[in-house]
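J.: please work out how this folds:
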Amino acid sequence: MALGGDFSSALSNPAGLGMYNRNEITFTPAVTLQNANSTYTTLDFDQNNNLFATDNSSSFSSSNLSLPGLSVVFGANKNTDQAPFLGGTFAITFNRLNDFNGGFEYSGQNNSSSIVDYFLEVSNGFTKDQFDPKFDPNGNSAGKGDNVNTPAFLGYENFLLGPTTANGTDYFSDITGKPLQSETVKTSGAQNQWNISYGANFNDKIFLGAGLGIASMRYAYDKTYRENFQGQQMNCNGCFNNLSLKETRSTSGTGINLSLGAIVKPIDFIQFGVSYITPTAYQLNDSYNATMNTSWNNFDYFGTGSRFLKDESSKTIDDPVTYGLTTPARFTFGTALFLPKRGFITADVEMVNYSNATTNNFSEQLYSLTIDAKSEVNNRISSRFKSATNIRIGAEYRIKKFRLRAGYNLMGDPYLRKPTDRINYSLTNVSSVSGGVGYRHAKFFVDMALVNTQGDGYYVPYAVASPVSPYMNHTQSTTRIMFTVGFPF
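T.: Numbering: from 1, shown residues only. Prediction:
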C-alpha cells in the first residue's frame, strides 16, 4: 500500500500510480483449488441424562479457472519544468476482490432431532394463515404469511406437519425417528471491481492519488439437504421414506466507491502511505427458490381414504427482491522499507467496521421478516458484526533480473458473538501465506505467485430448542496459483 509503482496501487492506494514513468499493460490468469474438511456434530442424552456428542467427518473439493486481474497504465515522463509537479499517471484496472467458488458437505446419523422438529417449533403458536402465500403485507392478521417461502412452508405443503385443529395454533407430525442426514452446499460467484485512477508526483517526495471504483457482485449458493428414515420406527409405522430439500439463492448487482491516497517519501529508503476507500453503495437483486420432494409409502394421511401420500413435491413462489446495500469504509496505513539494490519490506494495517454496513430501499416486505425489512436487517448487522483489523506483511529480494517474494495476511474476526451462539458464519481466523518469483526484462515481465488461505467456518442446518441444534465445523484451505504477464509500451 505504501510501495507504489505497481498497477495494484489503483485498488489499494492510487497515490502509488504517481511513481510510474512508463506505459504498461498486464493480465493475470489464475487457477484456484479449494478443499473443505467438515465435522458434523449431533447431540443427544444418554441413559443418565448426560449430553454427549457424535462427530462425523467428510471432505469436499473444487477447482476453477479465472482472470482476477487486468490493467492498462498510462505513465508520464517526469517534467522538471513544472516542479514541484513532476507528472501523473492514469490507470484502468480490474481486480477480483473475493472469489466465492467453493462449498462443503457433511453427513451423519442424528439420534435426537430432525428438520421436521424445526418446522414444528417455528410454526407452533400461529394459525395456518402463516402458510398462506396471499398474505396481507399490512399485517391485518397476526402472523399471517410469516412462513411462506421458507423450508417450513414446503414441509407444510408436503404434509410433514399439520394443524391439530382447523383453526388451532398447535401442529403435529407423523414423522419421528432417527434420520440419516446429509447436505451438500456449493457456492459460486465473485466480487470484482474496475478502478479508474490517477496518481500525481510532487518532487518525488509526495504522491497523491484518487480513483473511482465500479464494483460488481455475483453470489449464489445451491444447497441440497436430505433426511432418510428408511428402517426407522415411526408413529405412522414406516409410512415415510425420505425427504430432499433443494435451495438456491442468487444475489447480483453493482456498486460504486471512491478512493483517496497519499504516499510520503521523506528519505530515499523509507516511504509512508495512507489510503481511504469510501463505503461502497450497491444496488442488489436477490432471488430465492426452493423445492422439497418427499417419498411416502402410500400413506392414508387423513385416515379416511381421501388422500394417499406417495411421491409429493412442492416449491416456493418466485419472489425476487431488490434493495440497497452500503458496505463499510476502509482505512489503511502502511510503510515500505527499501534495501538498496536488494529489495524491500512492506507492512500494512487496514481497519474496517463491519457493523456500519446498512441496507435500504427494499422493493417489498420480505416473507421471512415480521417487521420493516430495513430495520430488521440493519439490527441484525449491528448485533452480529464488529470492527476488525487486517494486517499484511510482504517482502521482495532481487537477484539481477529475478525477484523472489513472500507475504503474510491476517484477517481480523468481523463477527460479534458469544461462544454459545448457534448462528451461521463464513470463514474466520483467516490467514494467507504467499510466495512468488518474477522475471523482469526491458520488453516484458512475468510473475508467478502461489497463495494459500486457511480459515474456519461454522454452519447450523436448522435450529431447535432441545437438546441442542446439530452443527457443522469446517476448515477450508484455498490455494490460488496466479501468473501475471506485463508489457511496457
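J.: looking at this protein, name the residue that lies furthest from the middle.
T.: For the chain, the largest distance from the centre (Cα atoms, centre = their mean) belongs to residue 81, which lies 50.2 Å off.
J.: my read is it is in a helix, agree?
T.: Yes: membership of residue 81 in a helix is supported by DSSP: H, G, I helix; E, B strand; the rest coil.
J.: would you mind measuring from it to residue 87?
T.: To residue 87, residue 81 is 11 Å away according to Cβ to Cβ, to the nearest Å. All C-beta spots, glycine's among them, are computed from the backbone N, C-alpha and C.
J.: kindly report the same for residue 48.
T.: Residue 48 is 79 Å from residue 87, by Cβ to Cβ.
J.: so for these two, which residue has more residues nearby?
T.: Taking neighbours as other Cβ atoms under 10 Å, residue 48 and residue 87 compare with residue 87 leading, 18 against 6.
J.: need the nearest residue in space to residue 295, chain neighbours excluded.
T.: Leaving aside its chain neighbours, residue 295 sits nearest to residue 241 (3.9 Å; criterion: Cβ to Cβ, 6 or more residues apart in numbering).
J.: state the pLDDT value of that neighbour.
T.: Note for residue 241: predicted pLDDT of 94.
J.: same check, this time on residue 6
T.: Residue 6 is assigned a pLDDT of 89 by the prediction.
J.: need phi/psi at the closest residue to it other than its chain neighbours.
T.: Closest residue to residue 6 apart from its sequence neighbours, by Cβ to Cβ, 6+ apart: residue 16 at 6.6 Å. Backbone torsions for residue 16, taken as degrees, to the nearest 10, come to phi -60, psi -20.
J.: these two touch, right, residue 16 and residue 207?
T.: Yes: Residue 16 lies in contact with residue 207 (Cβ atoms under 8 Å); the separation is 6.8 Å.
J.: can you list residues touching both of those two?
T.: Common contact partners of residue 16 and residue 207 (Cβ atoms under 8 Å, 6 or more residues apart in numbering): 4, 199, 263.
J.: switch the residues you listed over to CSV; also include neighbour count and distance to residue 473.
T.: Listed next are these as CSV, based on neighbours: other Cβ atoms under 10 Å; distance: Cβ to Cβ, whole Å:
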residue, neighbour count, distance to residue 473
4, 27, 41
199, 31, 44
263, 30, 42
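J.: quick one: which of the residues you listed is nearest residue 396?
T.: Closest approach between those and residue 396, by Cβ to Cβ: residue 4, at 13.3 Å.
J.: may I have the phi/psi pair for the closest one?
T.: Given degrees, to the nearest 10, the pair of backbone angles that residue 4 has is phi 80, psi 180.
J.: now it. Nearest residue, chain neighbours left out?
T.: residue 16 (2.9 Å).
J.: and the gap between the one you found and residue 446?
T.: 21 Å.
J.: just want to know which of the two has more residues nearby.
T.: It is residue 16, of residue 16 and residue 446, that has more neighbours when counted by other Cβ under 10 Å, with 32 against 13.
J.: what sits against the more buried one?
T.: With Cβ under 8 Å, 6+ apart, residue 16 has these contacts: 1-6, 9, 199, 207, 209, 261, 263, 273.
J.: what of residue 407?
T.: Residue 407 touches 392, 393, 394, 395, 432, 433, 434, 435, counting by Cβ under 8 Å, 6+ apart.
J.: separate out the buried members of the residues you listed.
T.: Buried by 16 or more other Cβ atoms under 10 Å: 392, 394, 395, 432, 434, out of those.
J.: ok, residues contacting the helix or strand encompassing the last one?
T.: Spelled out, it's residue 434. For residue 434, the host element (DSSP states H and E) is strand 425-440. With Cβ under 8 Å, 6+ apart as the test, strand 425-440 has contacts from 394, 401-411, 413-415, 417, 445-458, 476.
J.: again, only using 6 Å
T.: 401-411, 413, 415, 446-458 (Cβ atoms under 6 Å, 6 or more residues apart in numbering).
J.: surely residue 43 is within a strand?
T.: Yes: using three-state DSSP, the assignment for residue 43 is a strand.
J.: partners of it in the sheet?
T.: residue 53 (DSSP bridges).
J.: number of residues surrounding it?
T.: Residue 43 - counted by other Cβ under 10 Å - has 18 other residues nearby.
J.: surely it and residue 54 touch.
T.: No: distance between residue 43 and residue 54: 7.6 Å, which falls outside the contact criterion (Cβ atoms under 6 Å).
J.: returning to what we had before: nearest to residue 123, of the contacts of residue 407?
T.: Once Cβ to Cβ is applied, the member of those that ends up nearest residue 123 is residue 432, at 43.8 Å.
J.: the closest one pairs with what?
T.: With DSSP bridges as the rule, residue 432 is bridged to residue 409, residue 453.
J.: over to residue 87?
T.: residue 201.
J.: so where is the stretch 251-400 of the chain shaky, pLDDT-wise?
T.: Scanning the stretch 251-400 of the chain for pLDDT under 70 picks out the ranges 364-374.
J.: let's go with 50 and repeat that
T.: Under the criterion pLDDT under 50, the flagged ranges of the stretch 251-400 of the chain are 366-371.
J.: what about the strands in it?
T.: 270-277, 280-300, 308-315, 321-327, 330-339, 343-353, 358-360, 387-399 (DSSP state E, counting those that start in this stretch).
J.: what is the last one packed up against?
T.: Right, the one you point to is strand 387-399. Under the contact criterion of 3 or more Cβ pairs under 6 Å, 6 or more residues apart in numbering; DSSP states H and E, strand 387-399 touches strand 343-353, strand 402-410.
J.: report the mean per-residue pLDDT for the last one.
T.: Model confidence over strand 402-410, given as mean pLDDT, is 97.
J.: next, the buried residues of it.
T.: Quick answer for strand 402-410 (16+ other Cβ under 10 Å): 403, 405, 407, 409.
J.: over to the longest one?
T.: When neighbours are counted by 16+ other Cβ under 10 Å, the buried residues of strand 343-353 are found to be 343, 344, 346, 347, 348, 350, 352.
J.: and which of the residues you listed is nearest residue 191?
T.: Lowest distance from residue 191 to these (Cβ to Cβ) belongs to residue 352, with 14.4 Å.
J.: rewinding a little: dump the contacts of residue 407 to a markdown table, plus distance to residue 299.
T.: Formatted as a markdown table, the contacts of residue 407 follow (distance: Cβ to Cβ, whole Å):
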| residue | distance to residue 299 |
| --- | --- |
| 392 | 60 |
| 393 | 63 |
| 394 | 64 |
| 395 | 67 |
| 432 | 53 |
| 433 | 56 |
| 434 | 58 |
| 435 | 60 |
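J.: packing partners of the longest helix out of those in the chain?
T.: Looking across the chain with DSSP state H, the single longest helix is helix 373-384. For helix 373-384, the packing partners by 3+ Cβ pairs under 6 Å, 6+ apart come out as strand 358-360.
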